[in-house]
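Peer 1: Attaching a predicted model along with its sequence, questions to come.
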Amino acid sequence: MSGKFGKGCHLHLIDGSAFIFRAYHALPPLTRKSDGLPIGAVAGFCNMLQRYVEGNAGGDVTHVAVIFDKGSHTFRNDMYDQYKANRDAMPEDLRPQIPLTRTATQAFNIACKEKEGFEADDIIATLAVQARAAGGRCTIISSDKDLMQLVGDGVEMLDAMKNKSIDRDGVFEKFGVFPDRVVDVQALAGDSVDNVPGAPGIGIKTAALLINEFGDLDALLARADEIKQPKRRQTLIDHADQIRLSRDLVRLDENTPLDFTLDDLEVREPDPDRLLEFLAEMEFRTLSKRIAEALHVEAPVIEDKAPAPADMPEIESVPFNADAYEHVRDAAGLQVWIDRIRERGYVAVDTETTGLDEMTAELVGISLCIEAGQACYIPLIHKDSGTDDLFGSDALAEGQMPLEQCLQMLTPVLEDPSVLKIGQNMKYDAKIFAQLGITVAPIDDTMLLSYAMHAGLHNHGMDALSERYLGHTPIPIKPLLGTGKSAITFDRVPLDKAVPYAAEDADITLRLWQTLKPQLHRVGVTKVYETLERPLVPVLAAMERSGIKVDRDTLSRMSNAFAQKMAGLEDEIYELAGRKFNVGSPAQVGEVLFEDMGLEGSKKGTNGKYSTGADILEDLATLHDFPRRILDWRQLSKLKSTYTDALQDHINPETGRVHTCYSIAGASTGRLASTDPNLQNIPIRSEEGRRIREAFVAEQGKTLVALDYSQIELRILAHIADIPELKQAFADGIDIHALTASEMFNVSLNDMTPEIRRQAKAINFGVIYGISGFGLARNLRIPRAEAQGFIDRYFERFPGIRTYMDDTKAFAKEHGFVQTLFGRKIHTPEIASKGPRAGFAARAAINAPIQGTAADVIRRAMIRMPAAIADIPATMLLQVHDELLFEVEAGSEDALIDAARDVMENAADPVVKLDVKLTVDAGKGANWAEAH
DNA sequence: GAGTTCACG
DNA sequence: GACGTACGTGAACTCA
């Protein structure tokens, strides 16, 4: 059969996207063995194509094509920006498989068609209409109801899964009208999946009823006042425009401009070599065999390629070339990049700013990269460096587009749910964009990919990752900015220097993503990355931007009081020492103590200095007044310098609030770390220190609410080590330290003394840290043998703890990592070393699953929190490892406590079923001291 | 920049 | 038998 498409021809049009999604959801998440590339949807897609080919062998099909969607932005989005806005983002492991389904179609030698700006449905409509006009037949292989408007006059649909064909009567069954009125019914009924509004309260049944009564939609809308039901009548009158818009949205474009004709779609025999080569590349053994048989050729041997070692990724072969980066200077130049980004569906993004504090830093320029080596920098507010003006000119440099124009063009891409934005530490860039009202989503973050896979092995900064995984040293920033007082901000870097530096960052980020992302599955931390790391980025960005109000006057008053007390103490100290010296110098304190006064103290190894730490001074305090005074002075000095003084410098002048920065990938265990300033170590243990929390206040008319997990690490220990007595105690709400003491020392709970309880508490904590006799002895200030006796008794009483410790150490030795209950991996490379390092590593390995699981739990709570409190006028401000601090409008405190507590207590569900329930304590007040 | 000390969980 | 010794952080300070 060949020649022009016409009478007697039969065209099959396969809805490619429908095939892909069916394949994706029908199969488990298979991955290619050699490199972990997700491949399940491709496998299912190929299976469905093969079944299709087999099913039509000897049939009357003369022409065939698989039609795909391309990009997500279509003419319908221009008509209605909410079109398909409710769609979930494409699953992470599906995205890389999309291009492979095109390759697969071509490997089957089937025509493969798509068109930018149009949906597959429009192409199908156009081709079906063309086939009909030429006097041929057309079968659309899909069950998508949006295609039903095309049925009739030689066009029919076939649901390949159910092998059921749908004709005019079938459409009537579904819509209550024949195909020519389907659009009218859909326009009225709307579609929640595609977010087509329709007429509120009217479904398919009612819509069909109305259309059948009035003939068509135009007649119905024209004569809406004749509708008998008053509510329905009003709805149609009120929403007439919306209904017409809906009709335009659901009506398929039968005139899609196409660069091919029906004749190009003629059925072709598959080329066995090409097809089998593709299948071998995908490592589909069973399917290869089956297809080889069907084609009567020999199946290729597919080698069982061993996965490459995880720490030896392939180094990107495109060399780095800083001269090749593009300087985007105007809208035309940027548009080229935007088009390419939309075509790809992903882009690496990096921002250059005037500083490191995202609250005050200004956007200076944006770099983009879509392929290794292909990157650009869009400078926006670089200052002209041409003049000799010593103070720098404020005139803008040549070759820049207006910031507003750039953002206007780029924002739709940054916010487009179908374009993945890749960054290194995206929280930073997201905050910069958030300042400008832009919400960047969806995202991937190479720093977090690295963290999820390699926590404990190395840090996750871009320079380190580039060296390690790309074998490339990034252009250093120092020579560009200078150091010290003469340092300049990035907007003063000349463009010829700024372009290579900035663009390279995006290039590196993209290459890291290409290197690291496929390994995620292989390392087995996809869930960790997708549920514990990446979703935290917008949550933390919002918390950091919120900040917490800090009252400068309170801090200032405290500073003065501390200064006075310190001065008094200094006089006493000089008196006791008999001379003046620098109280802040540990070395000089050591000299006074151990040389002038001749007290007993140990020299410290490396530099021969005396150690004057708090516990040594504490011991000496019984012998002399001097150490006590030093301790008191140090406490005040600490409080003043680190808190009451430094904290004031962190109050943002715009917001009057302190905005900390959380590192997501700082702590190896999964904990967050807080910096600039650290708000996770605000004093509480001493009464004087605790008062600093009075400076952390709620805004007028609001309240601070603190919720903290009670004994979360011990509860997790009880679960992981499976200790029945501890689990029972938590279930009964018994004081856990008292219970431990009672079990160990055979004292009934009623006869418990604070001293015994204190010792048990120390042991409980010691266990979490990987207890040793020496450590416990020092902590409790008891002889080492006695401490060891306690530990022995503890293990005897709770043998599960010792088993847990031994098993965890053995696991770490064997695998080089340990895991939390949620699958987070913490690497412990030093466990293999000899000497004391191995001891450190072993204790860290024991602690990591406990501390890490607790960290996972609160991360999960934080990720769920925004949605859970959406209806409450409250904001999540701070996280302190097992505590969340909120600011809430007065009157809504209890609603917030109920909602937040619910999220926190059930945060492990449904992934982990803890044997021990998690309990959350709550407090509220005008300041943080009261709330705690 | 290393080392010490101390604030928190 | 000796090694060293409780887990995880960040910041300020001194001193070379």
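Peer 2: Alright, I've got the coordinates.

Peer 1: Which pLDDT value goes with residue A:120?
Peer 2: Residue A:120 is assigned 95 on the pLDDT scale.

Peer 1: got the residues of chain A near DNA strand B?
Peer 2: Within chain A, the positions near DNA strand B by C-beta under 7 Å from any atom of the strand are A:586, A:590, A:604, A:606-607, A:609, A:611-614, A:617, A:631, A:634-635, A:638-639, A:642, A:680-686, A:689-690, A:851, A:880-883. From N, CA and C alone the C-beta is placed, and that goes for glycine too.

Peer 1: repeat that with 6 Å
Peer 2: Proximity of chain A to DNA strand B (C-beta under 6 Å from any atom of the strand) is limited to residues A:586, A:604, A:606-607, A:609, A:611-614, A:634-635, A:638, A:680-681, A:683-686, A:689, A:851, A:880-882.

Peer 1: List buried members of those residues by neighbour count.
Peer 2: By the neighbour-count criterion of 16 or more other C-beta atoms under 10 Å, the residues of chain A next to DNA strand B include these buried positions: A:586, A:612, A:634-635, A:680, A:683, A:689, A:851, A:880-882.

Peer 1: which of these come close to DNA strand C?
Peer 2: When contact is defined as C-beta under 6 Å from any atom of the strand, those meet DNA strand C at residue A:851.

Peer 1: Mind jotting down where the helices sit in the stretch 401-550 of chain A?
Peer 2: Here the stretch 401-550 of chain A has its helices, by DSSP state H, counting those that start in this stretch, at A:403-415, A:426-435, A:446-454, A:462-465, A:478-481, A:495-523, A:526-528, A:536-546.

Peer 1: would a markdown table of those with mean pLDDT, distance to DNA strand C and mean neighbour count be doable?
Peer 2: Shown next, in a markdown table, are those (pLDDT from 0 to 100; distance: least, C-beta to the nearest atom of the strand, whole Å; neighbours: other C-beta atoms under 10 Å):
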| stretch | mean pLDDT | distance to DNA strand C | mean neighbour count |
| --- | --- | --- | --- |
| helix A:403-415 | 98 | 29 | 16 |
| helix A:426-435 | 98 | 14 | 23 |
| helix A:446-454 | 98 | 11 | 26 |
| helix A:462-465 | 96 | 15 | 17 |
| helix A:478-481 | 92 | 19 | 13 |
| helix A:495-523 | 95 | 19 | 23 |
| helix A:526-528 | 93 | 17 | 20 |
| helix A:536-546 | 98 | 13 | 20 |
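
Peer 1: where does the stretch 1-150 of chain A have low pLDDT?
Peer 2: A:1-3 (pLDDT under 70).

Peer 1: Please identify which of the helices of the stretch 401-550 of chain A is closest to residue A:667.
Peer 2: Smallest distance to residue A:667 across the helices of the stretch 401-550 of chain A (C-beta to C-beta): 9.8 Å, for helix A:446-454.

Peer 1: Dump stretch A:550-563 to PDB, restricted to CA.
Peer 2: Coordinates of each C-alpha in stretch A:550-563 appear next as PDB, following Å, rounded to 0.1, in the frame of the first residue of the first chain:
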ATOM      1  CA  VAL A 550      13.800  41.000  68.900                       C
ATOM      2  CA  ASP A 551      13.600  43.900  71.300                       C
ATOM      3  CA  ARG A 552      16.800  46.000  71.100                       C
ATOM      4  CA  ASP A 553      16.200  47.900  74.300                       C
ATOM      5  CA  THR A 554      15.900  44.800  76.400                       C
ATOM      6  CA  LEU A 555      19.200  43.500  75.000                       C
ATOM      7  CA  SER A 556      20.800  46.800  75.400                       C
ATOM      8  CA  ARG A 557      19.800  47.100  79.100                       C
ATOM      9  CA  MET A 558      21.100  43.500  79.700                       C
ATOM     10  CA  SER A 559      24.400  44.300  78.000                       C
ATOM     11  CA  ASN A 560      24.900  47.300  80.300                       C
ATOM     12  CA  ALA A 561      24.100  45.200  83.400                       C
ATOM     13  CA  PHE A 562      26.400  42.400  82.300                       C
ATOM     14  CA  ALA A 563      29.200  44.900  81.600                       C
END
